[in-house]
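Asks: pasting the sequence and the predicted model now:
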Amino acid sequence: MHKISRQIQFCYGHRLLNYEGKCKNLHGHNGVAVVTLESRSLDDLGMVADFSDVKKAVLPWIDEEFDHRMLLHKDDPLVPLLKAQGDPVKVLDVNPTAENIARLIFDHVKSAGFPVSDVVLWETPNCSASYSGE
């Protein structure tokens, strides 16, 4: 099995609803998404995929959807307030945990036609969450 990985760095803010720890408060992260592709065979050039093709498909999407945005659950009472202030808010149907963000990135990479095996989101240098499909 052949695997390649591409890292994408981005900044985002979030808070978790119905949570009693520190993450119930608005805060930010310098996240690193590690997208791993996997294939039993290589293309005519000897690649799983070209790193630059992965970057072109993933980086603009992450920039538009997550980078320098406040990621909030659709039921978060701060959504209308932050939107009224003109702040960039990304409203999610799920709590904006590292696990859910990793899955959203995985789903995008898969829909772009890449043989994604997993996505790891490093929320801090010591904490990560991953998603590898069902």
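Replies: Yes, it's here.
Asks: wait, residue 9 sits on residue 30?
Replies: Yes: counting by C-beta atoms under 8 Å, residue 9 does reach residue 30; the two are 7.0 Å apart. In short, each C-beta sits where N, CA and C put it, glycine included.
Asks: burial count for residue 33?
Replies: Residues lying near residue 33 (other C-beta atoms under 10 Å) number 24.
Asks: quick one, helices of this protein?
Replies: With helices called from DSSP state H, the chain shows them at 51-65, 78-84, 98-111.
Asks: what's the most buried one of the ones you listed?
Replies: Of all the helices of the chain, helix 98-111 carries the top mean neighbour count, a mean of 20, counting by mean count of other C-beta atoms under 10 Å.
Asks: quick one: work out the angle between that helix and helix 51-65.
Replies: Helix 98-111 and helix 51-65 are oriented at 130 degrees to each other (axes from the mean of the first three to the mean of the last three C-alpha atoms, to 10 degrees).
Asks: which residues are in contact with helix 98-111?
Replies: Applying C-beta atoms under 8 Å, 6 or more residues apart in numbering, the contact partners of helix 98-111 are 12, 31, 33, 35, 37, 54, 57-58, 61-62, 65-66, 71, 92, 94, 116, 118-121, 123, 127-133.
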